[in-house]
Structures are given as C-alpha cells and as structure tokens.
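[1] Predicted model, plus sequence, below.
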Amino acid sequence: MHADLVTRTFAGAGWEVPTVLDAMHLADDVFLDTAGQVRMPRWSSGRVALVGDAAYAPSFLTGQGSSVALVGAYVLADALATHGDHTAAFAAYERRLRPFVDMNQALVDHGAATLFPTSAQALEQRNAGLRGLTSVPPSAPRPAHTALVLPEATWGS
Ligand SMILES: Cc1cc2nc3c(=O)[nH]c(=O)nc-3n(C[C@H](O)[C@H](O)[C@H](O)COP(=O)(O)OP(=O)(O)OC[C@H]3O[C@@H](n4cnc5c(N)ncnc54)[C@H](O)[C@@H]3O)c2cc1C
C-alpha cells in the first residue's frame, strides 16, 4: 500500500525515478511515516515538566530538534536553580523558552522547509546554497537559531 502511494505520487517524475520505484516494489521493508510537530498548550502539570520533543518537537524538517531540546533543558535547569519553588520555575522556563520554540517551529510554516523545497525556484536556490557551502555552520544563521541568549550557568559548581 505504501509503495503504491509513492508510485502514484511520483508518477511521471522522470530521470532515475521509475527505476527507483520499480526497485521499491521488490523490497519487503518499505516504511513511511508523517513528519509532525508537537505543540502543547502548556509544558508542565503539577511536579512534571516536559523537555525536548515531548513538549515541542519542531520536526526534522527544521533541523533544530536537538538544539531546541538542549536549550530547553538548559533553561529549565536555570529556572529550577533560580526559583525555589518548582511551580515558579516551570512558569519561568516556559515564559523564557516559548518564543524561541515558536520561531523555530515556524521555520517550516508555509512550506519553508529548506530540506524539501516546494517550487522549482526554491529547489534551485537550495541546490545553489548547498553547492556554495564553504563552512558549517553557515556564516549568516537564520534569526530563529539565535533568538535566545542563554543565562550564565549558576548551578553545578
Ligand atoms: C530523521 C530525523 C532527522 C533529524 N535531524 C535532525 C537534525 O539534523 N538536527 C537536529 O537538531 N535535530 C534533528 N532531529 C530531531 C532530533 O533527533 C530530536 O529533536 C531530538 O532527538 C529530541 O531529543 P529528546 O531528548 O527530546 O528526545 P529523544 O532523542 O527522542 O529521546 C527520548 C528518549 O526517551 C526514551 N524513552 C521513550 N519512552 C521511554 C520510556 N517509557 N522509558 C524510558 N525511556 C523512554 C527513548 O528511547 C529516547 O532515547 C531529527 C529527527 C529525525 C527523526
């Protein structure tokens, strides 16, 4: 069923695509899944707080999931170290981090995912960008990547 869906979607795509589609029908382990985001109305309840994908997975389409998860864990640790009360800490964690998460999740809104351009022009732009890549990370990061300045660590020493 998955193979039929892919075959229908890419029918007439040309190039090497028909060969790939034929080979796919010989495989017994074709796997498809959706790429989704997690958008929770709140990230804590009682003494439990969520971090990373469980709270705000941005999907691999943004390329930001690990970064957002690490930043989230850092901000939560800072909030717990700063506020004596976990309820206040969880509120501070969410207040500080949510705008950063929203910006990074929005990187894929309106088909803006760099990995999967939705027009010929966007495809050409992406390919030109990859061909011209001289350094990692790029010299001009996207604003969402640097939208949060982390506090100095006040714990652990
Ligand atoms: C195909 C793909 C490509 C990606 N590419 C990128 C990329 O280029 N850059 C980037 O920044 N991010 C990328 N990501 C996203 C990134 O992997 C995630 O956002 C990140 O791993 C989230 O970290 P996490 O700790 O929140 O969750 P996870 O890494 O999912 O960790 C959760 C852990 O909990 C464990 N677990 C689950 N249930 C239980 C249980 N009941 N008991 C005990 N343990 C449990 C799981 O086994 C897992 O080890 C990609 C993701 C995918 C799927």
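    Arrived safely, thanks for sending.

[2] From now on I want contacts and neighbour counts done on CA atoms only, so please keep to that.
    Fine.

[3] Might you enumerate the residues of the chain proximal to the ligand?
    52-54, 57, 60, 63-67, 69 (CA under 6 Å from any ligand atom).

[4] please redo it, this time with the cut-off set to 5 Å
    Of all the residues in the chain, those in contact range of the ligand (CA under 5 Å from any ligand atom) are 52-53, 60, 63-67.

[5] any chance of these in JSON lines, plus secondary structure, pLDDT and neighbour count?
    JSON lines is the format used below for the residues of the chain next to the ligand (DSSP: H, G, I helix; E, B strand; the rest coil; pLDDT from 0 to 100; neighbours: other CA atoms under 10 Å):
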{"residue": "Gly52", "secondary structure": "coil", "pLDDT": "98", "neighbour count": "19"}
{"residue": "Asp53", "secondary structure": "helix", "pLDDT": "98", "neighbour count": "16"}
{"residue": "Phe60", "secondary structure": "coil", "pLDDT": "87", "neighbour count": "15"}
{"residue": "Gly63", "secondary structure": "coil", "pLDDT": "86", "neighbour count": "15"}
{"residue": "Gln64", "secondary structure": "coil", "pLDDT": "92", "neighbour count": "18"}
{"residue": "Gly65", "secondary structure": "helix", "pLDDT": "95", "neighbour count": "21"}
{"residue": "Ser66", "secondary structure": "helix", "pLDDT": "97", "neighbour count": "15"}
{"residue": "Ser67", "secondary structure": "helix", "pLDDT": "96", "neighbour count": "13"}
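
[6] Of these, which is the nearest to Pro143?
    Looking at the residues of the chain next to the ligand and their distance to Pro143, the nearest is Gln64, at 12.5 Å (CA to CA).

[7] I'd guessed the closest one sits against Asn104; true?
    Yes. Contact between Gln64 and Asn104 holds when scored by CA atoms under 8 Å: they sit 7.0 Å apart.

[8] between these two, what contacts are shared?
    58, 145 (CA atoms under 8 Å, 6 or more residues apart in numbering).

[9] what about the protein, any weak spots by pLDDT?
    110-112, 137-139, 157 (pLDDT under 70).

[10] Following element in sequence after the longest helix along the chain, please.
    The helix spanning the most residues in the chain, taking DSSP state H as the definition, is helix 86-105. Once helix 86-105 ends, the next helix or strand along the chain (criterion: DSSP states H and E) is helix 120-131.

[11] how about the residue in the chain sticking out farthest from the centre, what does it touch?
    In the chain, the greatest distance from the average C-alpha position (CA atoms, centre = their mean) is reached by Leu26, at 32.4 Å. Counting by CA under 8 Å, 6+ apart, Leu26 makes contact with nothing.
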